[in-house]
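Trainee: Here is a sequence with its predicted model. Questions after.
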Amino acid sequence: MTENQIYRIAARFVLTALLFVLMAGCAAAPKKIILPPPVPRDYWMEKKRKISPQKKKAVMEALEKVMLKAASGASLDSLGISTLKESVVLLENPKAAAPFIADAIEGKNSWSVRKNEPYYWKFRYWCVDMAGYLNEKKFAGMLSSIVSRGNEKNELRVRSVRTLREMKAKAVLRKLFLKMDNSAAREEIARALLVLD
């Protein structure tokens, strides 16, 4: 082999190596496999799963007592006064109470058989009132839908607005104000926004 041939082979080797280095730098990064996000579990079901049986029992017993008092034909004022013990039970266990209050407001699970009873709206009213004290932001959407529904009693709609005010859900109240056609609810929303501003 001549000296020229050795230089050509060496130059070819160096150029090939450089080409591989350059190509490796310009090559596309390997594609990441993106897994679909896990199917979200129901928020309230997940909360219920974390509650101890003792707390669940205490909360359900308190709610049952409130339901019985609402069924007795009591006025809203007397219902609120006569259920102070039950309120204390729920306020002592707010994390345990929140999912069951949500079920009661929506008329789900164990409350679904009773939601068509004539007294059930009073029980819901009490639960909506209690929701404001439980420090759970997920109630805002639920209460907003109550205010928006035309088939709800005015008393329940107004109580929902007051609870949203207690929760300081100003953005939700502003959206409701813009689309509200019920005069009683709209007036209460206006009052709530004045208080919050």
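Mentor: Structure received.
Trainee: got the contact list for residue 162?
Mentor: 129, 132, 188, 192 (Cβ atoms under 8 Å, 6 or more residues apart in numbering). (C-beta placed from N, C-alpha, C; glycine too.)
Trainee: Quick check: what element follows the worst-scoring helix or strand of the chain on mean pLDDT along the chain?
Mentor: The weakest-scoring helix or strand in the chain, judged by mean pLDDT, DSSP states H and E, is helix 3-26 (a mean of 69). Stepping forward along the backbone from helix 3-26, the first helix or strand reached (DSSP states H and E) is helix 43-49.
Trainee: which helices and strands sit right next to that following helix?
Mentor: helix 94-106 (3 or more Cβ pairs under 8 Å, 6 or more residues apart in numbering; DSSP states H and E).
Trainee: roughly how far out does the helix it packs on sit from the chain middle?
Mentor: Counting by Cα atoms, centre = their mean, to the nearest Å, helix 94-106 is centred 11 Å from the centre of its parent chain.
Trainee: how about the nearest residue to the residue nearest to the spatial centre of the chain, chain neighbours excluded?
Mentor: Taking Cα atoms, centre = their mean, the centroid of the chain lies closest to residue 138, which sits 2.6 Å from it. Leaving aside its sequence neighbours, residue 138 sits nearest to residue 43 (Cβ to Cβ, 6 or more residues apart in numbering; 6.1 Å).
Trainee: Can you report phi and psi for residue 91?
Mentor: Recorded main-chain torsions at residue 91 are phi -70, psi -20, according to degrees, to the nearest 10.
Trainee: Can you classify residue 181 as helix, strand or coil?
Mentor: The three-state label given to residue 181 by DSSP: H, G, I helix; E, B strand; the rest coil is coil.
Trainee: ok, the closest residue to residue 163 other than its chain neighbours - contacts?
Mentor: In space, and not counting its chain neighbours, residue 163 is closest to residue 132: 3.9 Å by Cβ to Cβ, 6+ apart. Contacts for residue 132 were tallied using Cβ under 8 Å, 6+ apart; they are 139, 162-163, 166-167.
Trainee: Spell out for me the PyMOL command that would select the buried members of these.
Mentor: A single PyMOL command selects the buried members of the contacts of residue 132 (16 or more other Cβ atoms under 10 Å):
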select buried, resi 139+162+163+167
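Trainee: Since that was my last question, I'll sign off now.
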